[in-house]
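>>> prediction below, plus the sequence it came from.
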Amino acid sequence: MTLSANAKLRERMSPAEFAYIPLAGETIYEGGLVALNAAGTLQRVQTAGSVAFAGIADGARAAGDLRPVRCRKGVWALAVAAAVASNVGQPVYATADATAVLGAVTASAVAGAANTGAGTVTAGPTAGAAAIPGTYVLVFTGATTFKVVGPGGISLAAGASLAAYSSGGLGFTITAGSPAFVAGDYFVFTVAVAAGGLPIGTLAGIEGTQTFVKLG
């Protein structure tokens, strides 16, 4: 989404303030997410050449109006699609002056080098919005049963090979092979967040339907 008019946003905390001269020919909207280019002039986040997040524009400038624009940071209510409580603390990115997103979450799996069992991950792994970035360890407790421990020692639901698994936002299917798994065989799953635009801060909290971002 891009702005076509000024926007008023809900401010949560007192922000830091800086002023920058706009890029010649750039239209700046009040309440828009703005960035600096390599020359140090201000432009909308989606304008090519944005290299550093400057904050939220506290004032509008028509194209050609080169008066400095005050930019504010702090904690603000911004719409962050699909954000849930477990995303608090994760990086937030901007792809346009009115679009804030979480980074894309990816998951990968590695089998234990000394595993007896020859089974493999045949579907996934996938990571949903509820998945916490970090390392998940799946340990077999028998030939077809296993437990999963997530980041910080969080226990997820127990599971069985040959059945699709889903818990805590992590999903996968392990197919048993020959020889069979034995207790102590394991897989390591890594959930990571990939950048989805210009970094603007972190998800600070969720209150009802509103998401708050700490700009930095």
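Yes, it's here.
>>> and the residue of the chain most remote from its centre, how far from Thr116?
No residue in the chain sits farther from the centre than Pro179, which is 39.2 Å out by CA atoms, centre = their mean. According to CB to CB, to the nearest Å, Pro179 and Thr116 sit 6 Å apart. In short, each C-beta sits where N, CA and C put it, glycine included.
>>> swap in Phe189?
Taken as CB to CB, the span from Phe189 to Thr116 is 20 Å.
>>> what of Thr99?
Applying CB to CB to Thr99 and Thr116 gives a distance of 49 Å.
>>> more neighbours: which of those two?
For Thr99 versus Thr116, neighbours defined as other CB atoms under 10 Å are more numerous around Thr99 (20 against 14).
>>> may I have the residues that are in contact with that one?
Met1, Thr2, Leu33, Gly197 (CB atoms under 8 Å, 6 or more residues apart in numbering).
>>> what does the pLDDT read for it?
We note a pLDDT of 94 for Thr99 in this prediction.
>>> that older thread, what about the residue farthest from the centre of the chain, distance to Ala204?
Counting by CB to CB, the gap from Pro179 to Ala204 is 50 Å.
>>> so Ala192 touches Pro133, yeah?
Yes: counting by CB atoms under 8 Å, Pro133 is a contact partner of Ala192 at 5.9 Å.
>>> list residues touching both of the two?
Residues touching both Ala192 and Pro133 (CB under 8 Å, 6+ apart) are Val105.
>>> the two: which is more packed in?
Neighbour count, other CB under 10 Å: between Ala192 and Pro133, Pro133 has more, with 19 against 14.
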